[in-house]
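# Just to be clear, the model below is a prediction. Sequence and coordinates:
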Amino acid sequence: MNSDKIIVKCKKNSKLLIFRLFLIICSLFLSYSSSKCAEITGPEVKVQNNEMYVTTALTLEEKHLQELKNGIKKELRFYIDLFRVWSYWPDEFVLGKFFVRTIKCDPVKGEYIATSSDGSVLTEKRFKSFESMIKWALSINELRLLNIRELDQATYFVRITVESKIRKLPPVIGYFIVFLSENEFRITKDSSSFSLGTVK
């Protein structure tokens, strides 16, 4: 009889534990997916001497800036992609460039460090102030995308996508959160359409 009571009590405890874990998972999922944490400025497209240049920037919400000031490291991924517009078909990806920017600071030592990598070249910079680090890390100024002579005459646009990777979760929770996005946020913005290229 006592063993039956123990079994029933264990089942109740396990159900309660699973329910609590489910609530934690849901709250994490909703907090990451519903938060609008950043905004893309631009993108601005400029053509000079047959070269296409793209300028854009990211503005972070105050909450994320405060996390950085408190010493929490951030990893941001920038995708700069050129698409060709088609009337009756999906837009065609032409080419793209990719950057990973990491931002970290030590509030005690007053160190501000940011890195930028395109997969082959890694650049590390140290800054004297938090503001100067943020300005550099969240901006892409006149990035050369391609020579427009390589393009067929058509209508194009540039799409900017920025992802912020979430901090690693504890291993136990990570096993259960198979549906939770790896991104803290992911935002996209397109430039205005423009006509470029040569007749071939």
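On my side now, so go ahead.

# Could you chop this structure up by domain?
Domain assignment of the chain by automatic domain parsing yields the ranges 1-34, 37-196.

# need those domains in CSV with mean neighbour count, can you?
(Each C-beta comes from the backbone N, C-alpha and C, glycine too.) Formatted as CSV, the domains of the chain follow (neighbours: other C-beta atoms under 10 Å):
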stretch, mean neighbour count
domain 1-34, 11
domain 37-196, 15
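
# By mean pLDDT, show me the worst of the ones you listed.
Note on the domains of the chain: domain 1-34 shows the lowest mean pLDDT, a mean of 49.

# Run through the strands of this protein in chain order.
38-48, 51-60, 74-84, 92-106, 111-117, 122-127, 139-147, 154-165, 183-190, 194-196 (DSSP state E).

# okay, the ones you listed in JSON lines with distance to residue 133 next?
Below are the strands of the chain laid out as JSON lines (distance: least, C-beta to C-beta, whole Å):
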{"stretch": "strand 38-48", "distance to residue 133": "16"}
{"stretch": "strand 51-60", "distance to residue 133": "12"}
{"stretch": "strand 74-84", "distance to residue 133": "11"}
{"stretch": "strand 92-106", "distance to residue 133": "7"}
{"stretch": "strand 111-117", "distance to residue 133": "4"}
{"stretch": "strand 122-127", "distance to residue 133": "4"}
{"stretch": "strand 139-147", "distance to residue 133": "11"}
{"stretch": "strand 154-165", "distance to residue 133": "16"}
{"stretch": "strand 183-190", "distance to residue 133": "19"}
{"stretch": "strand 194-196", "distance to residue 133": "33"}
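
# Which one, of those, ends up nearest to residue 66?
strand 51-60 (9.7 Å; C-beta to C-beta).
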